[in-house]
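Asks: what follows is a predicted structure for the sequence shown.
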Amino acid sequence: MSEERKPLDALASGAMLVLCLIWSFQQILLKATANDMAPIFQIGLRSGVACVLVALLVLVRTHKLAFTEGAWKPGLMAGLLFALEYLLLGESLRFTSAAHVVVFLYTAPVFAALGLHILLPSERLARLQWVGIGLAVAGIAITFLGPASMDGADLGRMLIGDLMALAAGALWGFTTVLIRSTRLSAVPPSEALLYQLFSAFVILMVAAVVTGQTDIHWSGLLGASLVFQSVVVAFLSFLVWFWLLRNYQASRLGVFSFATPLFGVLFGAFLLGEAIEPRFVMGALLVLMGITLVSAYSWISQLRRRRA
């Protein structure tokens, strides 16, 4: 199957850049509309809408909504991890900047690589990938130091948010490990997505109700955010991503892993007016370098062999 997948072409590269823009912009919109509707409420609602859209798409294509035998247990576990990831993501935006959230969330490839290294012999980390993990850890440590000008209370809130976002990244990575190491690796992508979207809808809506985060102050920006989150992010972007994974080499797609947090930092600065501290920039660059080495190792190795 992997031999049939194509190297990157202009279509795939353009699609990946658009996906990175979309994925980075979702945190910006969640942060910008947090006063109108709590992030976890938005994410829960968008997951429910996207779940219905994916189910309808499957019904249109196959005329039935069937689930693979024996996959429901890991499917529900993946859904739980997915829901907890977005619960932490939504809560982190209440404490820290969108730029910090997007950088820490996209440490997921590092956690996925570590988990797969432990569980699957075919996924052993190479020396260059260990270097990437070391760079990412160093970048996280530098970023956690925070700006020197911040007082104790604000720094404490920021660290809480940063830790939540990092934990969300870890849960995303562990979800990848679960999918790769169980029967979920053999199920159609739409089925795996349905497990995750349904679980996120139920858990996040319950969490929003329990924590009293169900107030809605309608505005044009909130309406646009809900449409964007539900249709573009949770439905269309994931379908395009799965199509890319089926048709192109995953190692080449991993080259773009740095782009989403980079766009997120830039959007946070220009659209939300978030300050970009030198220490955060230094740490974020190390994180981006690290996840690129981990995610794009196969492609980097191929380039090195060609030049040798």
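Replies: Yep, it's here.

Asks: alpha carbons only for contacts and neighbour counts from here, please
Replies: Will do.

Asks: after the least confident helix or strand in the chain by mean pLDDT comes which helix or strand?
Replies: Least confident helix or strand of the chain, by mean pLDDT, DSSP states H and E, is helix 250-253 with a mean of 66. In the C-terminal direction, the helix or strand that comes right after helix 250-253 (DSSP states H and E) is helix 259-271.

Asks: check which residues of that next one are buried.
Replies: 259, 260, 261, 262, 263, 264, 265, 266, 267, 268, 269 (16 or more other Cα atoms under 10 Å).

Asks: any idea of the mean pLDDT in the next helix or strand after it?
Replies: Downstream of helix 259-271, the next assigned helix or strand under DSSP H and E is helix 278-295. The pLDDT scores in helix 278-295 average 86.

Asks: quick one on the thing from earlier: between the buried residues of helix 259-271, which sits nearest residue 302?
Replies: Distance to residue 302, by Cα to Cα, is smallest for residue 259 among the buried residues of helix 259-271, at 21.1 Å.

Asks: contacts only, for that closest one.
Replies: Listed by Cα atoms under 8 Å, 6 or more residues apart in numbering, the contact set of residue 259 reads 17, 20, 21.

Asks: can you tell me how far it sits from residue 189?
Replies: The gap separating residue 259 from residue 189 is 24 Å, by Cα to Cα, to the nearest Å.

Asks: what's the distance between stretch 113-121 and the middle of its chain?
Replies: 19 Å (Cα atoms, centre = their mean, to the nearest Å).

Asks: report the buried residues of that stretch.
Replies: In stretch 113-121, counting by 16+ other Cα under 10 Å, buried: 113, 114, 115, 116, 117.

Asks: check the offset of the longest helix anywhere in the chain from the chain's centre.
Replies: Counting residues, the longest helix found in the chain (DSSP state H) is helix 152-181. With Cα atoms, centre = their mean as the basis, helix 152-181 stands 11 Å off its chain's centre.

Asks: please apply the same query to stretch 31-45.
Replies: 17 Å.

Asks: can you check stretch 94-107 too?
Replies: 11 Å.

Asks: against residue 166, how distant is residue 140?
Replies: 9 Å.

Asks: neighbour count winner among those two?
Replies: residue 166 (26 against 23; other Cα atoms under 10 Å).

Asks: any idea how far that one is from residue 231?
Replies: Taken as Cα to Cα, the span from residue 166 to residue 231 is 26 Å.

Asks: ok, now residue 197?
Replies: Taken as Cα to Cα, the span from residue 197 to residue 231 is 13 Å.

Asks: so between those two, which is more surrounded?
Replies: residue 197 (27 against 16).

Asks: what sits against the closest residue in space to residue 183 that isn't next to it in sequence?
Replies: For residue 183, ignoring the flanking residues on the chain, the nearest one in space by Cα to Cα, 6 or more residues apart in numbering is residue 71 at 5.8 Å. Contact partners of residue 71, counting by Cα under 8 Å, 6+ apart, are 183, 184, 187.

Asks: got a ChimeraX select line for the buried ones in the residues you listed?
Replies: Remark: buried members of the contacts of residue 71, expressed as a ChimeraX selection using 16+ other Cα under 10 Å:
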select :183,184,187
